[in-house]
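> Predicted model follows, preceded by the sequence.
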Amino acid sequence: MLALLPRLRRFATGLTRDGARADDLCQMTVERALRSRQQWHEGSRLDSWMYRIMRNLWIDEARADTRRGQTFVAEDAGLSVGADGGQEARAQLSDVDRAMARLPDEQREAVLLVMVEGWSYKEAAQIVGCPVGTLNSRLVRGRDALLAMLGEGQ
């Protein structure tokens, strides 16, 4: 499980687009995997099982964020509070990170799993829980969108 942590963190960072949230997601994934270790079957792929746990946790977190967003004041309401200490400039992401962040969730997942993490289409489809053809379609659309976005700046 320890050997998987760098890969899991990379996937979490791609999903959350935020280092601190990625760390939290990794921690929740490891905790859930340890609590549910009896559900993992000896001889099956531990990495695939943990990626699936992480993805499911991320979906749950996204749903909870949506509910919280409906309950509290809009995020924009706090933008005028405080002074700009240059944090915005320091926090800017690279062009690729920004382009990835603009992809729809399904396409970003497909790109992360296949192109970044190196999963086969079949394995990635199992992690996401969709047919291989659907994953392939998401991957193609995501890759094409990335190329178009990255080509815009040139």
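On my side now, so go ahead.
> What strand or helix carries the closest residue to Val132 other than its chain neighbours?
Leaving aside its chain neighbours, Val132 sits nearest to Ala125 (4.5 Å; criterion: Cβ to Cβ, 6 or more residues apart in numbering). Every C-beta, even on glycine, is put in place using the N, C-alpha and C of the backbone. Using DSSP states H and E, Ala125 maps to helix 121-128.
> Give me the buried positions along the helix or strand following that helix.
Downstream of helix 121-128, the next assigned helix or strand under DSSP H and E is helix 132-152. Neighbour counts over helix 132-152 (16 or more other Cβ atoms under 10 Å) mark Leu135, Asn136, Arg138, Leu139, Arg141, Gly142, Arg143, Ala145, Leu146, Met149 as buried.
> and the residue lying closest to the fourth one once chain neighbours are set aside, what does it touch?
Ranked by Cβ to Cβ, 6+ apart and with sequence neighbours excluded, the top spatial neighbour of Leu139 is Ala110, at 4.2 Å. Taking Cβ atoms under 8 Å, 6 or more residues apart in numbering as the contact definition, Ala110 lies against Ala124, Val128, Leu135, Arg138, Leu139, Gly142.
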